[in-house]
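S.K.: Got a predicted model here, sequence first, then my questions.
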Amino acid sequence: MIPPRLQEVVDEFATMPREMKLPLLLDYANGLPPLPEGFDSSELQRVEECQTPFFVAAEVSQGQVRLFFDAPPEAPTTRGYAGVLHTGLDGSSVDEVLGTPADFFVGMGLAELISPLRLRGMGAILAGIKRQVAAATA
Amino acid sequence: MGVSFDPDPKLAQYAHPERLVTTAWLAERLDDPDIVVAESDEDVLLYDTGHIPGAVKIDWHTDLNDPVARDYVDPEAFAALMSRKGITPDTTIVFYGDNFNWWAAYALWVCSLFGHADVRLLDGGRAKWVEEGRPITTDVPRPAPAGYPVVARDDDTIRAFKDDVLAHLGTGPLVDVRSPGEYSGQLTHMPEYPQEGTLRAGHIPTARSVPWKRAANDDGTFRSLDELNAIYRGEIGLQDDDDIVAYCRIGERSSHTWFVLTHLLGFDRVRNYDGSWCEWGNAVRVPIEKSAEPGSAP
């Protein structure tokens, strides 16, 4: 199932009128926290399916998942996806992250605004997170 | 009547220099009421983070594609779009965008389907404008609705469909502008792009491989006429009276090459097969060449 905080984000998009959905995604792009100081982004894993240089790192500490993202400002849509996942999943439990459905974003209603094929980038980022979490807890 | 052409000497070498403008030329004309600057991007949020002052956004997906059928908008929707953006049939539209002007060239090509007369591309696109430190704003213009007539879409002259391409095999040149890996059949999508659901890999038999990027410099501007001639007339032997079809995966990268062949090199008969590999690679019983060689017509 979709973890509660991620579900809140999905619902926020779902209830937003069509013309407000992209501005909301831009808010998430702008709200993506920068990498903590001392964090070397060259160590972050590149999500190969993504169309722009994009990095995600998932750390697991005492059963809790911490997420770190980096994406260039000229890729605001990708940054927006990262912001959604950061807000929705950072601090979640390992089970919550691994149990998040791959198509969690369908309910956001973005497919009519962003080509459905491009929208899959969101799923690719989630898949990258899950791979790292699974590896860290194996 | 009409907006003068950019006399920049780099542009003067091309067959149709009136189809390109430089960043310096545009920067002097942002207040010209006869010009509408339109941004078309790969990233749908990029315009909203800042754009050329006065520029409107034209989205390839929501504005130019039909929401249901895989096709472009119909004449009524196109007229409504143009009116909404403050464009009349007499307006000079200058397109620019991210990613080497892929979607800007695509939007220009779609406007050409509807016969819009004066369409131009900003050489170097968004990246060059930003790189040069030229002004950017988040203010979204609210143009007064313009009256744009409903005009028929011409799907014959610069657009090719799958059946046209089947009939074309063995009679005229085909240019595949995708990456080498897509051409030879090792990949069904662009490197690092999401899979877009193509069942078969390879290329249309007889197509020559000229990745779109070869027409561009690293700063996004087009290569010189001599360089372009060496590639398209020299390497793959295109000739003036050839009937040429270009394709990629969904028609955006081939819009870039269509612009090069039509407006920079002056070929009179160039069609963009917008169905491209996403259609051909899924179609039943069409011939496919899965190698790095062009292959022969069936």
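M.R.: Good, I have the coordinates.
S.K.: could you show me where the helices are in chain A, in order?
M.R.: For chain A, the helices defined by DSSP state H cover A:4-15, A:18-30, A:76-89, A:94-98, A:116-137.
S.K.: Export these as a markdown table, with columns for mean pLDDT and distance to residue B:47.
M.R.: All C-beta spots, glycine's among them, are computed from the backbone N, C-alpha and C. Converted to a markdown table, these look like this (pLDDT from 0 to 100; distance: least, C-beta to C-beta, whole Å):
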| stretch | mean pLDDT | distance to residue B:47 |
| --- | --- | --- |
| helix A:4-15 | 97 | 20 |
| helix A:18-30 | 95 | 10 |
| helix A:76-89 | 95 | 9 |
| helix A:94-98 | 97 | 33 |
| helix A:116-137 | 87 | 15 |
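S.K.: Tell me which of these sits most buried.
M.R.: Of all the helices of chain A, helix A:76-89 carries the top mean neighbour count, a mean of 25, counting by mean count of other C-beta atoms under 10 Å in any protein chain shown.
S.K.: what packs against that helix?
M.R.: Packing partners of helix A:76-89 (3 or more C-beta pairs under 8 Å, 6 or more residues apart in numbering or on different chains; DSSP states H and E): helix A:4-15, helix A:18-30, strand A:64-70, helix A:116-137.
S.K.: now that helix, how far from the chain's geometric center?
M.R.: 4 Å (C-alpha atoms, centre = their mean, to the nearest Å).
S.K.: now swap in stretch B:3-23 and tell me
M.R.: For stretch B:3-23, the distance to the chain centre is 18 Å (C-alpha atoms, centre = their mean).
S.K.: mind checking the end-to-end distance for that stretch?
M.R.: For stretch B:3-23, the first-to-last residue distance is 16 Å (C-alpha to C-alpha, to the nearest Å).
S.K.: Mind listing what's buried along it?
M.R.: B:3, B:5, B:6, B:11, B:14, B:17, B:18, B:19, B:20, B:21, B:22, B:23 (16 or more other C-beta atoms under 10 Å in any protein chain shown).
S.K.: out of those residues, which are inside helices?
M.R.: B:11, B:23.
S.K.: Show me where the stretch 101-250 of chain B dips below the pLDDT cut-off.
M.R.: Along the stretch 101-250 of chain B, segments meeting pLDDT under 70 span B:188-196.
S.K.: What does the closest residue to residue A:24 other than its chain neighbours show for phi and psi?
M.R.: Spatial nearest neighbour of residue A:24, excluding adjacent residues (C-beta to C-beta, 6 or more residues apart in numbering or on different chains): residue A:16 at 5.6 Å. With angles defined as degrees, to the nearest 10, residue A:16 sits at phi -80, psi 140.
S.K.: In chain B, what residue lies closest to chain A?
M.R.: Chain A sits closest to residue B:45 of chain B, with a gap of 3.8 Å, by C-beta to the nearest C-beta.
S.K.: Please name the residues that touch that residue.
M.R.: Neighbouring residues of residue B:45 by C-beta atoms under 8 Å, 6 or more residues apart in numbering or on different chains: A:22, A:25, A:26, A:29, A:76, A:77, A:80.
S.K.: Name the nearest of those residues relative to residue B:257.
M.R.: Lowest distance from residue B:257 to the contacts of residue B:45 (C-beta to C-beta) belongs to residue A:77, with 25.3 Å.
S.K.: Could you count how many residues lie near residue B:296?
M.R.: Other residues near residue B:296 come to 11 when the count uses other C-beta atoms under 10 Å in any protein chain shown.
S.K.: any idea where the helices of the stretch 151-298 of chain B begin and end?
M.R.: Taking DSSP state H, counting those that start in this stretch as the test, the helices found in the stretch 151-298 of chain B are B:162-168, B:180-184, B:225-229, B:253-259, B:276-280.
S.K.: one step back: quick check: the farthest pair among the buried residues of stretch B:3-23?
M.R.: B:3 and B:14, at 17.8 Å, using C-beta to C-beta across the buried residues of stretch B:3-23.
S.K.: so residue A:3 touches residue A:90, yeah?
M.R.: No. Contact criterion C-beta atoms under 8 Å: residue A:3 and residue A:90 do not qualify, at 10.5 Å.
S.K.: Which single residue in chain A comes nearest to chain B?
M.R.: For chain A, C-beta to the nearest C-beta, closest residue to chain B: residue A:76, 3.8 Å.
S.K.: Tell me the pLDDT of the spatially closest residue to that residue that is not a sequence neighbour.
M.R.: In this structure, residue A:76 finds its nearest non-sequential neighbour in residue B:45, 3.8 Å apart by C-beta to C-beta, 6+ apart. Residue B:45 carries a pLDDT value of 93.
S.K.: and what of the one 3 residues further on?
M.R.: Residue B:48 is assigned a predicted lDDT (pLDDT) of 94.
S.K.: What are the boundaries of the strands in chain B?
M.R.: Taking DSSP state E as the test, the strands found in chain B are B:20-21, B:35-39, B:56-57, B:92-96, B:119-122, B:159-160, B:174-176, B:208-209, B:244-247, B:270-273.
S.K.: dump the residue contacts of residue 29.
M.R.: Assuming you mean chain A. A:76, A:77, A:79, A:80, A:82, A:83, B:45, B:49.
S.K.: if you could check chain B rather than the one you did, that'd help
M.R.: The neighbours of residue B:29, taking C-beta under 8 Å, 6+ apart as the test, are B:3, B:35.
S.K.: now the most centrally placed residue in chain A: how far from residue A:116?
M.R.: Nearest to the mean C-alpha position of chain A, by C-alpha atoms, centre = their mean, lies residue A:85 at 2.8 Å. Distance, residue A:85 to residue A:116, using C-beta to C-beta, to the nearest Å: 18 Å.
S.K.: cool, and residue B:281?
M.R.: Distance from residue B:281 to residue A:116, by C-beta to C-beta: 18 Å.
S.K.: where does stretch B:130-139 sit relative to the chain's centre, distance-wise?
M.R.: With C-alpha atoms, centre = their mean, you get 23 Å for stretch B:130-139.
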